[in-house]
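Enquirer: Requesting a structural model of the entry that follows:
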Amino acid sequence: MQYTQQLAGRALIFASAMFAANFSVWTLYAVLGVEIRGQLDLSATEYGVLLAAPILSGALLRFPAGFLVEYFSAKKLILLQMLLLLPVLFLLPFIDSYGAHLLAGLWLGISGVSFVLGIRYISPWFERGRQGTAMGIFGAGNAGAAITLALAPAIQNWFGREWIGPVYGAGIILMMVLFEFFAPEETRYMRSRGKPDLRSHLKPLTQIRVWRYGLYYYFVFGSFLALLLWLPNYYLSVYQVSTPVAMALTLLFVALSSSLRALGGGLPIATVRAPSIGVFFGPAWSVFSSSVTRPPA
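Expert: You can find the predicted model right below:
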């Protein structure tokens, strides 16, 4: 297969759709967690641990996934990653204990590695000057959380909570079929590039900027995930709004962040540093403000 702009565009479209589908699974507990907390009468700590389970496993699995994708086809690994999600999605209706929900959450975290695999799949299709825009568009796939905030409550209202997992499983199967047949394979040149050894993988850890930007990502994206997962229950418990209103308000938060992520990818490198510092402190101020704001009487 020879490189063309059309193939690059197709790779970006289907990789972004794949990431959105996986992100919707990764954040599924934002909706399910509210119901599970009420059903099992969880404390705030138990609820927080439940929400953290898929995020923790997804984060820890990213490093080995990044290592593997240097040696094997990114497209095949993406398909394998989605395949591994299917059993837990179809088993969700049969889970009824806190421990089992925690294990299921850790299993759902496999969807979190789709970001690493997708980045590695996309980057060779675009020259350096266009990679930022491509990565921004791909990163906007975190709007998949909006899919969950809108779709999961609808499934629950129409068919019952027990159907959420199987419907999502069917959606992942559909995404696998689309990605298999329409996302282009890597070109011969992409596959022929040298494979780095373990020392090459570890070398970036000696550079201070890797740790600095990792710290940025830890706080900024970590705050985004924490707020996304916690906001539905926060609106329900503090402001006593209805579940549809709580999900809609959280959806607005997700939509805004996703659109800004796409915009940020297109910014020139020289303009990124100052906004990055502002964004670094923004989530901290938002969390502080929400913690001291009193609900209306």
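Enquirer: Tell me, how many residues neighbour residue 239?
Expert: 12 (other CB atoms under 10 Å). Heads up, the C-betas are built off the backbone N, CA and C, glycines and all.
Enquirer: List the buried residues of the helix or strand containing residue 100.
Expert: Assigned by DSSP states H and E, residue 100 falls within helix 98-108. Within helix 98-108, the residues that count as buried by 16 or more other CB atoms under 10 Å are 98, 101, 102, 104, 105, 106, 107, 108.
Enquirer: Identify the residue nearest residue 153 in space, chain neighbours excluded?
Expert: Leaving aside its sequence neighbours, residue 153 sits nearest to residue 247 (CB to CB, 6 or more residues apart in numbering; 5.5 Å).
Enquirer: That neighbour is in contact with residue 146, isn't it?
Expert: No: with contact defined as CB atoms under 8 Å, residue 247 does not count as touching residue 146 (9.6 Å).
Enquirer: Which stretches in this protein count as strands?
Expert: Using DSSP state E, the chain contains no strands.
Enquirer: tell me, which helix in it spans the most residues?
Expert: helix 208-238 (DSSP state H).
Enquirer: elements contacting it?
Expert: helix 29-40, helix 44-60, helix 243-265, helix 273-292 (3 or more CB pairs under 8 Å, 6 or more residues apart in numbering; DSSP states H and E).
Enquirer: Lowest average confidence across those helices, which one?
Expert: Within the helices and strands packed on helix 208-238, the stretch with the lowest mean pLDDT is helix 273-292, showing a mean of 52.
Enquirer: any weak-confidence spans in the stretch 1-150 of the chain?
Expert: 1-3 (pLDDT under 70).
Enquirer: my guess is residue 231 meets residue 250, correct?
Expert: Yes: with contact defined as CB under 8 Å, residue 231 reaches residue 250; the gap is 4.4 Å.
Enquirer: Find residues that contact each of the two.
Expert: residue 30 (CB atoms under 8 Å, 6 or more residues apart in numbering).
Enquirer: Not counting the helix holding residue 100 itself, show me its contacts.
Expert: 25-26, 28-29, 36, 40, 42, 46, 49-51, 53-54, 56-57, 85, 87-89, 91-92, 95.
Enquirer: Ok, stretch 43-62 next?
Expert: Contacts for stretch 43-62 (CB under 8 Å, 6+ apart): 26-30, 33, 36-37, 40, 42, 98, 101-102, 105-113, 115-116, 225, 229-230, 233.
Enquirer: cool, and stretch 229-237?
Expert: 27, 29-31, 33-34, 37, 47-48, 51, 55, 149, 241, 243, 245-247, 249-250, 253, 290.
Enquirer: Name only those of these that count as buried.
Expert: Buried among the contacts of stretch 229-237 (16+ other CB under 10 Å): 27, 29-31, 33-34, 37, 47, 51, 55, 149, 241, 243, 246-247, 249-250, 253.
Enquirer: Buried residues, the longest helix of the chain. List them.
Expert: Buried residues in helix 208-238 (16+ other CB under 10 Å): 219-221, 223-236.
Enquirer: One more: stretch 43-54?
Expert: 46, 47, 50, 51, 52, 53, 54.
Enquirer: And the first one, how far from residue 40?
Expert: What it means is residue 46. Distance, residue 46 to residue 40, using CB to CB, to the nearest Å: 8 Å.
Enquirer: Check the third one too.
Expert: Per CB to CB, residue 50 is found 9 Å from residue 40.
Enquirer: what do you get for residue 16?
Expert: 36 Å.
Enquirer: of the two, who's got more company?
Expert: residue 16 (21 against 15).
Enquirer: Next up, the contacts around the more buried one.
Expert: Contact analysis of residue 16 by CB under 8 Å, 6+ apart lists 118, 137, 138, 140, 141.
Enquirer: The fourth one against residue 257, yeah?
Expert: Okay, so that is residue 140. No: using CB under 8 Å, residue 140 is not in contact with residue 257; the gap is 9.2 Å.
Enquirer: The closest residue to residue 31 other than its chain neighbours: how many residues sit nearby?
Expert: Spatial nearest neighbour of residue 31, chain neighbours left out: residue 152 (4.0 Å); criterion: CB to CB, 6+ apart. Neighbour count for residue 152, taken as other CB under 10 Å: 24.
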